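Novice: return atomic coordinates for the entry below.
(2 chains)
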Amino acid sequence: DSGVTQTPKHLITATGQRVTLRCSPRSGDLSVYWYQQSLDQGLQFLIQYYNGEERAKGNILERFSAQQFPDLHSELNLSSLELGDSALYFCASSVRSGFTDTQYFGPGTRLTVL
Amino acid sequence: GESVGLHLPTLSVQEGDNSIINCAYSNSASDYFIWYKQESGKGPQFIIDIRSNMDKRQGQRVTVLLNKTVKHLSLQIAATQPGDSAVYFCAETSGYGQNFVFGPGTRLSVLP
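Specialist: The predicted structure follows:
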C-alpha cells in the first residue's frame, strides 16, 4: 500500500458527461501528479500540483482540469467525455516538487465511457 | 487484474536467472531516468533512478545502465523471482516535468 488513495475505483459514464476523480496524497506529501494509462497511448503524464499550485503540465486535454485543495487532496475533472477517454487514471504524490523526487502511485480509477 | 497493455513485448526468464529489460529513450535533452514496476491491478511502483551524469547505478538486486550515446537505458534484475513478474516501464524527464515521457513497457514473465 503506497499510502495514496483514489476514489472511486471504477466509474462508468456516458459520452458527453462530466466526472470528477479524487486523490488523497500520502501524509506529508505536497505534490500530486495525474496520469492517464490507456491501451493505445500507454502511460501519459497529465498535470502536477505542488502545495495548491499548478507546477507542470503534460498532455492534458483542454476538456480536463485539475486542482489541489488546501488539505492537499486533488481532483481531476473530465468533461465532455468521449469514448477515447476510457482509461485508468492514476495519481501519485511526492514530498517535493521536482520530478527527481520519488513518486508514490495510487491504485487508480478505471473510467469507462460508453 | 487490470489489463495494462495486451501487446507489450514480453521477456520470459527462468526463476533464478538474471533479467535484462531494455528501453530506448527519445529525448537527448533528458537528464533524469526512472524505472517503474507495475503489477496487475496496481499503480506503478518506483524501482530505481539515474541521472544523466551517471552511467550505472545499483540498488537491491537491480542495476540501471545508461548509455547516452545511443540513448539507451537498461534494467538488470539479479536472481529473478516470481514476485518480479510485472510490466516494467522506463521514464525520462527534463526541465521539471517538461517532456516527462514513459516508454511503452515490457512484460516480464518469470517461469518456475
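Novice: and B:G83, helix, strand or coil?
Specialist: helix (DSSP: H, G, I helix; E, B strand; the rest coil).
Novice: count of residues packed around it?
Specialist: The local packing of B:G83 (other CB atoms under 10 Å in any protein chain shown) involves 9 other residues. Just so you know, the C-beta spots here come from the backbone N, C-alpha and C atoms, and that holds for glycine as well.
Novice: the residue nearest the centre of chain A: which element?
Specialist: Centroid-nearest residue in chain A, with CA atoms, centre = their mean: A:W34, separated by 3.1 Å. For A:W34, the host element (DSSP states H and E) is strand A:31-38.
Novice: so the residue nearest to the centre of chain A makes contact with A:Y89?
Specialist: Yes: A:W34 is in contact with A:Y89 according to CB atoms under 8 Å; the separation is 6.8 Å.
Novice: output the contacting helices and strands for the longest strand that chain B contains.
Specialist: Counting by DSSP state E, the longest strand found in chain B is strand B:86-94. Under the contact definition 3 or more CB pairs under 8 Å, 6 or more residues apart in numbering or on different chains; DSSP states H and E, strand B:86-94 sits against strand B:32-38, strand B:72-77, strand B:98-102, strand B:106-111.
Novice: make it 10 Å
Specialist: If you count contacts as 3 or more CB pairs under 10 Å, 6 or more residues apart in numbering or on different chains; DSSP states H and E, strand B:86-94 packs onto strand A:42-50, strand B:19-24, strand B:32-38, strand B:45-51, strand B:72-77, strand B:98-102, strand B:106-111.
Novice: of all those, which lies closest to B:H7?
Specialist: B:H7 sits nearest to strand B:106-111 of all the helices and strands packed on strand B:86-94, at 9.7 Å, using CB to CB.
Novice: hmm, who's touching the lowest-mean-pLDDT helix or strand in chain B?
Specialist: Least confident helix or strand of chain B, by mean pLDDT, DSSP states H and E, is strand B:98-102 with a mean of 81. With contact meaning CB atoms under 10 Å, 6 or more residues apart in numbering or on different chains, strand B:98-102 is reached by A:33, A:35, A:37, A:41-46, A:48, A:56-59, A:99, B:23, B:25-27, B:29-30, B:32, B:34, B:36, B:44, B:89-94.
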